[in-house]
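A.B. asks: below is the sequence, then the predicted model.
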Amino acid sequence: MMKSFEYGDEEIGSREILYAVSSMVIGVGIFGLPRTVGSVTKGSDGWVSILLGGVLALFFAWLVAKLASRFPRQTFLQYTTTLVSKPVAIFLTILLAFHLMQFTAYEMRTVANISKVYLFDRTPVEVIALLFLLVVTYGVACSSVGLFRLNLLFLPIVLLIAILLLIMNIGYFEPGNLKPVFSTKWTGYFQGARETLFAFLGFEILLVYIAMTNQPEKTPKAVMIGMSIPLLLYLFVFIIVVGVFGHTAMIQLTDPTIEIAKEVEVPGEFFERFESLFFTIWIMTIFNTSALAFDASVLAFRSVFPKIKRVWLIFFLAPIIYLFGMMPPNLIRVYEVGNWLGFSGFIFAILMPTILFGIAKLRGIKGNA
């Protein structure tokens, strides 16, 4: 009997989950993370907050994967119906879909704002956002599995350029900028950990996508490895940024991670603006993040409204996402939307899965785990 083509089915394996989780978490949050963490800590103490927030994110990502993997081949709506009533499950599914739509809109607006500053200074934000969303919509119009294959291609390139950026800034690193050490109050550490935890959100897509995996028993381990990649990246980025700029200057920069790319000088002046190259490459992972969130929202809506064709649902949701993203009139409002998105992400990535997992334990619903 002829063996079927490995990538010819509509299933994903543990490796695809690993890459997808990393790509989903590593988005626009890394640009301003050193500033937000540094604003509530002293010296280089922010690494402690990043580590605390990352460990918490690892645990809750494992919990989400463990919950969903107990019900293999079942959608979020199906296994939530098993745990609670169907009306409640439908309500939660629709809310999750709207959260993912808002996630996509925020990524779209943020990448448009940053692109205008570093790449297209004469192009209106509205045009940049529209073009980016059109590309994302084109990607989502294909199969969901195809998006996972793109992660396998894009993520190594993104990590390579990030590592290259860090290495090329070692020459500007001043160890004295790391002082003082361990001088932050405990409240500062925990406040920084809270800000960091929001930067790790995005793994809630597992609630939707684990229904497609053919290795549910391996998913929790893959998720842990996938979440460890952004944790290590965030730690190294923070240390390099504070070592290059110092704490006082770092918290005054809007996007410190992009600013360290400006410090890079390529021998022979082959690249005069390395930050443009860095951000251009980084758009790959922002595309992956936006496309996965958009696609997961489509899958969630289709589980509630199965008679609606995928392509028509995509064309209906895309303009709504664009309107969501363009509603904030200025950057201050965009940051407020980001804070609200962090709150809703806390609900769907941490609070709701914890409650559902507790219900499964109390009721003795083990699924196929």
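C.D. replies: Perfect, I can see it now. Numbers count the residues shown, from 1 in each chain.

A.B. asks: low-scoring stretches of the stretch 151-300 of the chain, by residue?
C.D. replies: Filtered on pLDDT under 70, the stretch 151-300 of the chain yields the residue ranges 264-275.

A.B. asks: now do the helices in it.
C.D. replies: Assigned by DSSP state H, counting those that start in this stretch, the stretch 151-300 of the chain shows helices spanning 186-199, 206-209, 219-245, 247-250, 256-262, 274-304.

A.B. asks: most tightly surrounded among those helices?
C.D. replies: Comparing those by mean neighbour count (mean count of other Cβ atoms under 10 Å), helix 206-209 comes out on top with a mean of 27. Every C-beta, even on glycine, is put in place using the N, C-alpha and C of the backbone.

A.B. asks: could I get that helix in PDB with only the CA atoms?
C.D. replies: Taking C-alpha atoms only, helix 206-209 is exported to PDB below (Å, rounded to 0.1, in the frame of the first residue of the first chain):
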ATOM      1  CA  LEU A 206      -4.100  26.100  21.600                       C
ATOM      2  CA  LEU A 207      -7.700  25.900  22.800                       C
ATOM      3  CA  VAL A 208      -8.700  25.900  19.200                       C
ATOM      4  CA  TYR A 209      -5.800  24.200  17.300                       C
END
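
A.B. asks: and the contacts of that helix?
C.D. replies: 12, 17, 20-21, 61, 64-65, 67-68, 75-76, 96, 144, 219, 223, 296, 299-300, 348, 353 (Cβ atoms under 8 Å, 6 or more residues apart in numbering).

A.B. asks: so what's the nearest residue to residue 120 once chain neighbours are set aside up against?
C.D. replies: Counting by Cβ to Cβ, 6 or more residues apart in numbering, residue 120 lies nearest to residue 128, which is 5.9 Å off, once chain neighbours are set aside. Contact analysis of residue 128 by Cβ under 8 Å, 6+ apart lists 111-112, 115-116, 120.

A.B. asks: in a markdown table, list those along with neighbour count, pLDDT and distance to residue 50.
C.D. replies: A markdown table is the format used below for those (neighbours: other Cβ atoms under 10 Å; pLDDT from 0 to 100; distance: Cβ to Cβ, whole Å):
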| residue | neighbour count | pLDDT | distance to residue 50 |
| --- | --- | --- | --- |
| 111 | 26 | 89 | 23 |
| 112 | 24 | 91 | 27 |
| 115 | 22 | 86 | 26 |
| 116 | 17 | 88 | 29 |
| 120 | 14 | 83 | 31 |
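
A.B. asks: just those residues: which are in strands?
C.D. replies: Within the contacts of residue 128, no residue falls in strands by DSSP state E.

A.B. asks: dump those residues into CSV; add distance to residue 35 as well.
C.D. replies: Formatted as CSV, the contacts of residue 128 follow (distance: Cβ to Cβ, whole Å):
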residue, distance to residue 35
111, 18
112, 20
115, 19
116, 19
120, 23
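
A.B. asks: and the closest residue to residue 192 other than its chain neighbours, how far from residue 176?
C.D. replies: Excluding the flanking residues, the one nearest residue 192 by Cβ to Cβ, 6+ apart is residue 49, at 2.8 Å. Distance from residue 49 to residue 176, counting by Cβ to Cβ, to the nearest Å: 21 Å.

A.B. asks: okay, these two: which has more neighbours?
C.D. replies: More crowded of residue 49 and residue 176, by other Cβ atoms under 10 Å: residue 49, with 26 against 7.

A.B. asks: what's near enough to touch the more buried one?
C.D. replies: Here residue 49 is in contact with 37, 40-41, 188-193, 195-196 (criterion: Cβ under 8 Å, 6+ apart).

A.B. asks: quick check, nearest of the contacts of residue 128 to residue 316?
C.D. replies: residue 112 (21.9 Å; Cβ to Cβ).

A.B. asks: between the helices of the stretch 151-300 of the chain, which gets nearest to residue 100?
C.D. replies: Using Cβ to Cβ as the criterion, the shortest distance between residue 100 and the helices of the stretch 151-300 of the chain is 3.8 Å, found for helix 274-304.

A.B. asks: mind giving me the packing neighbours of that closest one?
C.D. replies: Under the contact criterion of 3 or more Cβ pairs under 8 Å, 6 or more residues apart in numbering; DSSP states H and E, helix 274-304 touches helix 14-25, helix 76-83, helix 86-118, helix 125-141, helix 144-168, helix 206-209, helix 256-262, helix 310-326.

A.B. asks: of those, flag the one that's most buried.
C.D. replies: Of the helices and strands packed on helix 274-304, the one with the most neighbours on average (mean count of other Cβ under 10 Å) turns out to be helix 206-209, with a mean of 27.

A.B. asks: any idea how far that one is from the middle of the chain?
C.D. replies: Centroid displacement of helix 206-209 relative to its chain, using Cα atoms, centre = their mean, to the nearest Å, is 14 Å.

A.B. asks: closest to residue 337 out of the helices of the stretch 151-300 of the chain?
C.D. replies: Taking Cβ to Cβ, helix 186-199 is the member of these nearest to residue 337, at 12.6 Å.

A.B. asks: that closest one packs against which elements?
C.D. replies: Packing contacts for helix 186-199, counted by 3+ Cβ pairs under 8 Å, 6+ apart, involve helix 29-38, helix 46-69, helix 331-346.

A.B. asks: now the longest one: buried residues?
C.D. replies: Which is helix 46-69. Of all the residues in helix 46-69, those buried under the rule 16 or more other Cβ atoms under 10 Å are 46-54, 56-58, 60-69.
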